[in-house]
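okay, structure incoming, though there's no sequence with it:
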C-alpha cells in the first residue's frame, strides 16, 4: 500500500518521464521540477537525507542552504518540440545512459517548398523551391529510401561535437564547420499518417529570411546543394529503393535492444544505439536517384528566381533567348510577379521509430530534397522513449501546479523503478534518532580522513611552497630542506 507523501519518510529516487510543453527548454523543465520538488512532502525525506550527509561531511553553511533535488534528463528535446522527456532523480541520474541508447517514436510535420538555417519553422528562410509537383504519392515513394539502415548527415544546428565544439556554435558564428561524415542510423518504422493538401492546414514558412552574403553563408553551412543530395542518393544506391518490407517488419519488437557502439570524445552518445554497419543491397534504379542536377534546379540563386526542374530544362534547351540578348523584366512584369498570391505549400505528417543519433529535422530537410524541392520541420512530438509513452506513464507538465495530481503518480513510478532495480527503499530516521547518531557518524568520518592522510591520501608537500602551511609557512624544497 502506498503511503501518502505527508506521512511517508521514504527516500525516493529513480527514473520518471514528463510531457515537455512547447517552447520550454529541457533544462528549464528540470528547473521547474526542482522548484516543485523543494516544496513537496514527497521529496522532503530525500532533501533531508542530503542535508544530513553534508553535515557529516562538514560542508559549508552556504551549501546546506542551497540543497536542491538532483535531476538530469535522458535526451534533450528542442524548445519547439513536445513530448516524452526522461528525467533521473537522485541515484536515477546514473541510469540515464540506457535511455540514450533506446528506440524512440516521433511524430512530425514536414512543410515543403522552403529551407531554413535551423531546418525547422523557427529559423530563417535560406531558400525556396517549387512544390506544386510534390504529391502524397511522391512523398510515399521517397520515404522508402529512408527506412531501415541509412546514412544521415546531422544538422549544423545539432549539439554534436566536432573538434571539441558543438556544431551549432560553428553555425551561429558563421564559421566553416569541419567535415562531418554521414552517420549510420536505423529507422525501424516510418509512415505517412496524414497528407495535408495546400490550403487545408495552418503551417507556414517563417517570415524572416536570410539574404545577401548571409544567405550564401547559411547555404554553405547547411549544405543544401550537391553535398547533401549525395548523402541520401548514395544511401539509396546501397539499400535499393524497392526493398520489400513485410507488414510484420513495420512493428517494433524488442525496442531498446539495438547493439551499442563506443562513445568517442568528438561524438557524444545520443538517444539510442547506432548499428555497426550499413549492409549494401541492390542498386537503386537511375530514374529514382536524387541527382546533383535536380537539386541545383530546385534551389534559388541570386541571378534568377526559383524554377521547377521542367522549367530549368526548358530554359536550357531554348536557343531563341541567349544570355547576351535576354530581355530585362519590365516594372509592370515585376509588379505583377510580386503581387501574385503564392499558393500554400503541402505538408505531410510522419510517424517514425528510430534508434540513436537520428535527427528528425534532418529527415525533413533530406525528404524535401529527395522530392526535388525543399522541406522544413514544422512540428515535433516525441510520443515514446523506451518504456515511457504519452498518455500511459508520463506525467503531464500542466499537473505540476496541483500536488494532489502528480505526487501519487510519481511516488508509484519511483517505487516501482526502485523495486525493479533492486534498490532498497530507505526510511529516514526521525530527528531524535538522527541527533543520537550524528556525533558517532562525524567521529567515524574524522577517523576515515586520518586514515587516508596516513596512507598518503591527504595534502602533500611540494617544491613550490604550496604545502600544508601555504606560501607563508614552511615547505620542503627539492632537496628536502626548509626555506
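Arrived safely, thanks for sending. It should be emphasised that the depicted structure is a prediction, and the values quoted were computed from it without experimental measurement. Residues are numbered from 1 along each chain as shown.

please count neighbours and contacts with C-alpha atoms only from this point.
Noted.

give me the neighbour count for residue 28.
Look at residue 28: counted by other Cα atoms under 10 Å, it has 13 neighbours.

so it lies in a helix, does it not?
Yes: per DSSP: H, G, I helix; E, B strand; the rest coil, residue 28 lies within a helix segment.

ok, it to residue 35 distance?
11 Å (Cα to Cα, to the nearest Å).

what touches both of the two?
Overlap of the contact sets of residue 28 and residue 35 (by Cα atoms under 8 Å, 6 or more residues apart in numbering) is empty.

residue 131 touches residue 347, doesn't it?
No: counting by Cα atoms under 8 Å, residue 131 stays clear of residue 347, with 10.2 Å between them.

and the two? Which one has more around it.
Set side by side, residue 131 and residue 347 show more neighbours around residue 347, with 30 against 24, by other Cα under 10 Å.

what pairs with that one across the strands?
residue 111, residue 196 (DSSP bridges).

look up how far residue 126 lies from it.
19 Å.

and what of residue 98?
Residue 98 is 37 Å from residue 126, by Cα to Cα.

report pLDDT for residue 199.
Note on residue 199: pLDDT of 91.

how about it, secondary structure?
coil.

so where does the closest residue to it other than its chain neighbours fall, helix or strand?
The shortest distance from residue 199 to any residue other than its chain neighbours is 5.8 Å, reached at residue 344 (Cα to Cα, 6 or more residues apart in numbering). Under the criterion DSSP states H and E, no helix or strand holds residue 344.

show me the contacts for residue 344.
198, 199, 204.

which ones are touching the closest residue in space to residue 424 that isn't next to it in sequence?
Excluding its sequence neighbours, the residue lying closest to residue 424 (Cα to Cα, 6+ apart) is residue 418, at 7.2 Å. Applying Cα under 8 Å, 6+ apart, we find residue 418 in contact with 13, 14, 424, 425.

from those residues, which two are the most distant?
14 and 424 (11.8 Å; Cα to Cα).

tell me the phi and psi of residue 10?
Backbone torsions of residue 10, given as degrees, to the nearest 10, read phi -80, psi 130.

isn't it right up against residue 430?
No: using Cα under 8 Å as the test, residue 10 is too far from residue 430 to be in contact (11.6 Å).

looking at these two, which is more packed in?
Ranked by neighbour count (other Cα under 10 Å), residue 10 and residue 430 place residue 10 first, with 20 against 9.

what's the distance between the residue lying closest to the more buried one once chain neighbours are set aside and residue 417?
Nearest residue to residue 10 in three dimensions, chain neighbours excluded: residue 427, at 4.7 Å (Cα to Cα, 6+ apart). Using Cα to Cα, residue 427 is found at 17 Å from residue 417.

between these two, who's got more neighbours?
residue 417 (18 against 14).

now that one: closest residue in space that isn't a chain neighbour?
That would be residue 14: by Cα to Cα, 6+ apart, it lies 6.2 Å from residue 417.

look up how far residue 190 lies from the one you found.
Residue 14 is 32 Å from residue 190, by Cα to Cα.

check residue 129 too.
Counting by Cα to Cα, the gap from residue 129 to residue 190 is 25 Å.

can you give me the strands in this structure?
14-20, 71-73, 82-89, 104-112, 114-116, 125-128, 148-152, 161-162, 165-166, 183-196, 347-354, 375-385, 388-389, 395-396 (DSSP state E).

which residues does the fourth one contact?
Read that as strand 104-112. Contacts of strand 104-112 (Cα under 8 Å, 6+ apart): 131, 134, 203-205, 271-272, 345-355, 360, 364, 368, 373-386.

repeat that for the last one.
Here strand 395-396 makes contact (Cα under 8 Å, 6+ apart) with 17, 18, 19, 20, 406, 409, 410.

beta partners for the fourth one?
Just to be clear, that refers to residue 20. residue 83.

isn't it up against residue 80?
No: Residue 20 is not in contact with residue 80 according to Cα under 8 Å; the separation is 9.9 Å.

between the two, which has more neighbouring residues?
Comparing residue 20 with residue 80 by other Cα under 10 Å, the one with more neighbours is residue 20, at 28 against 18.

flag the shaky bits of the stretch 201-350 of the chain, pLDDT-wise.
Scanning the stretch 201-350 of the chain for pLDDT under 70 picks out the ranges 211-343.

quick one on the thing from earlier: which of the contacts of strand 395-396 sit farthest apart?
Farthest pair in these, by Cα to Cα: 20 and 409, 16.6 Å.

what's the span of stretch 142-150, first residue to last?
13 Å.

tell me the mean pLDDT for it?
pLDDT averaged over stretch 142-150 gives 96.

next one: stretch 170-178
Stretch 170-178 comes out at a mean pLDDT of 68.

now stretch 17-24
Stretch 17-24 comes out at a mean pLDDT of 97.

use 829 as the first number from now on
With the count now opening at 829, the last piece we talked about shows up as stretch 845-852.

flag every buried residue along that stretch.
By neighbour count with 16 or more other Cα atoms under 10 Å, stretch 845-852 contains the buried residues 845, 846, 847, 848, 849, 850.

so what's the residue count around residue 900?
The burial count for residue 900: 21, using other Cα under 10 Å.

need the pLDDT of it.
pLDDT at residue 900 comes out at 96.

ok, now which ones touch it?
Counted by Cα under 8 Å, 6+ apart, residue 900 has contacts 858, 915, 916, 917, 921, 924.

I'd like these laid out as CSV, including pLDDT, distance to residue 940 and neighbour count.
Formatted as CSV, the contacts of residue 900 follow (pLDDT from 0 to 100; distance: Cα to Cα, whole Å; neighbours: other Cα atoms under 10 Å):
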residue, pLDDT, distance to residue 940, neighbour count
858, 97, 34, 20
915, 98, 34, 24
916, 97, 38, 23
917, 97, 41, 21
921, 96, 40, 18
924, 95, 36, 20
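
still on that earlier bit, residue 926 and residue 954: which has the busier surroundings?
Between residue 926 and residue 954, residue 954 has the larger neighbour count (other Cα under 10 Å), namely 25 against 14.

isn't that one right up against residue 945?
Yes: with contact defined as Cα under 8 Å, residue 954 counts as touching residue 945 (6.2 Å).

in contact with residue 845, which residues are there?
912, 913, 914, 915, 1216, 1221, 1222, 1223.

the nearest residue to residue 960 once chain neighbours are set aside: how many residues sit nearby?
Setting aside the residues directly before and after it, residue 960 is nearest to residue 1173 in space (Cα to Cα, 6+ apart), at 7.6 Å. For residue 1173, the tally of surrounding residues (other Cα under 10 Å) stands at 22.

these two touch, right, residue 1173 and residue 1024?
No: judged on Cα under 8 Å, residue 1173 makes no contact with residue 1024 at a distance of 9.1 Å.

how about the contacts made by residue 976?
Residue 976 sits in contact with 1014, 1015, 1016, 1017, where contact means Cα under 8 Å, 6+ apart.

quick revisit: buried subset of the contacts of strand 932-940 as a ChimeraX selection?
To isolate the buried members of these in ChimeraX, using 16+ other Cα under 10 Å:
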select :959,962,1031,1033,1099,1100,1173,1174,1175,1176,1177,1178,1179,1180,1181,1182,1183,1188,1192,1196,1201,1202,1203,1204,1205,1206,1207,1208,1209,1210,1211,1212,1213,1214
